[in-house]
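Participant: After the sequence you'll find the predicted model.
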Number of protein chains: 2
Amino acid sequence: MSYGPLIGQLVEALRCLPGVGPKSAQRMAFYLLERNKNGALQLARALGEAVEKVGNCKICRTLSETETCTFCADHERNRQILCIVETPADVHVIDSSTEYKGLYFVLMGRLSPLDGIGPDDIGLDLLAKRIREENISEIILATNPTAEGEATAHFVREMFSDKDIKVTRIAHGVPIGGELEYVNSSTLFHAFSGRHEL
Amino acid sequence: MSYGPLIGQLVEALRCLPGVGPKSAQRMAFYLLERNKNGALQLARALGEAVEKVGNCKICRTLSETETCTFCADHERNRQILCIVETPADVHVIDSSTEYKGLYFVLMGRLSPLDGIGPDDIGLDLLAKRIREENISEIILATNPTAEGEATAHFVREMFSDKDIKVTRIAHGVPIGGELEYVNSSTLFHAFSGRHEL
């Protein structure tokens, strides 16, 4: 290591960011120290504040700076529909690109028996309690279309099969703007089996 | 913005990193808050310490935690050869991949009249002083092979044309492991004009 310990330590610390390997971490460290010390200080402050003050919403488990997140606290939203997602990023993307105006429940993960992640680790006990106590008419399963996301969706559907609740799954198929030629075979399979009349 | 102000502020702050756009910044923020709060705190600390304690070497201008960097302080190195580079990252990569054992001089930039960056902004006054006072026999110009890097190299060569100092430029040509077919035309031009007998 030809640079000193503090720079080395900064390079190492930057590697905690997803998608940042040794080369980009070094580039970031040099860039910040050479040209953007202010940005570096702001980032340090923002990290500290966010870690200290951001926790999880006690109702839907998403990341929140307040005990109850802005979604759960918003009484304009339809409180009878619950959309179940894996991460807070999913909440964000659904909220900014769809017309959905119901509430959310964030698993903060997915069922993954091999990694020792069971129903209680993803808050399904909390979800069951919520379903018992609140007046929910529809659950929309918006977990990822991966093996684990599908298994999680299936598990949640089974949990409430004896209840009078509509359980739906978001549609999967050819993405808009995509070309059939470049779409993978299971997506195409879904697109055909899920076809609907025009 | 559907997430709170602190998360928004963290996303914004992460965008000061080179190569990080809004999407990756959001991904990083959620990742840190959901899964690596420790890493985030370590990063905040490392940023703060590095910004506070890393300055520039008073001899060669590279980033250094001490008044004189480890290169300039190392009396094992050949003090008669000076390699001129644009950035501290260049020092690092040269030191780790070549046999070069002389000293460095870091411009911390390049000549760029359009951006108002003149000779004094890249420390050429300091370099001239050093050449006058020290016993330098060779200057190796290792600025980038860009228009501005070439102009800077040319300028430095002219500065010392009346002195009895060997001024050299690192070789440019086809990169090792590269294929001629994919090399751009000016590289190939350099490779041919710089050919040498075997």
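Facilitator: All right, it came through fine. Residues are numbered from 1 along each chain as shown, chains lettered A, B, ... in the order given.
Participant: ok, now how distant is the residue most central in space within chain A from A:Arg15?
Facilitator: Nearest to the geometric centre of chain A sits A:Thr87, at 1.7 Å (C-alpha atoms, centre = their mean). A:Thr87 sits 22 Å away from A:Arg15, going by C-beta to C-beta, to the nearest Å. C-beta coordinates here come from the backbone N, C-alpha and C atoms, glycine included.
Participant: so where's chain A shaky on pLDDT?
Facilitator: Applying pLDDT under 70 to chain A flags residues A:1-2.
Participant: Could you chop it up by domain?
Facilitator: Listed domain ranges for chain A are A:5-52, A:79-169 (source: automatic domain parsing).
Participant: For B:Leu41, which of those domains is the nearest?
Facilitator: Between B:Leu41 and these, the tightest spacing by C-beta to C-beta is seen for domain A:5-52, at 5.6 Å.
Participant: and the closest one, anywhere near chain B?
Facilitator: Yes - residues of domain A:5-52 contacting chain B under C-beta under 8 Å from any C-beta of the partner chain: A:5-7, A:9-10, A:12-14, A:16-19, A:24, A:26-34, A:36-37, A:39-51.
Participant: Figure out how far that domain is from the centre of its chain.
Facilitator: The gap between where domain A:5-52 is centred and where its chain is centred comes out at 24 Å by C-alpha atoms, centre = their mean, to the nearest Å.
Participant: Then stretch A:44-63?
Facilitator: 15 Å.
Participant: quick one: buried residues of the lengthiest helix in chain A?
Facilitator: Across chain A, the helix with the greatest residue count (assigned by DSSP state H) is helix A:37-53. Using 16 or more other C-beta atoms under 10 Å in any protein chain shown as the test for burial, helix A:37-53 gives A:39-51.
Participant: what sits up against that helix?
Facilitator: A:32-33, A:65, B:6-7, B:9-10, B:12-14, B:16-17, B:29, B:32-33, B:37, B:40-41, B:43-45, B:47-48, B:50-51 (C-beta atoms under 8 Å, 6 or more residues apart in numbering or on different chains).
Participant: Between all of the buried residues of helix A:37-53, which two are separated the most?
Facilitator: For the buried residues of helix A:37-53, and using C-beta to C-beta, no pair is farther apart than A:Gly39 and A:Val51, which are 18.4 Å apart.
Participant: Skipping adjacent residues, who's closest to A:Arg169 in space?
Facilitator: Leaving aside its sequence neighbours, A:Arg169 sits nearest to A:Leu141 (C-beta to C-beta, 6 or more residues apart in numbering or on different chains; 4.7 Å).
Participant: I'm done for today, thanks for sticking with me.
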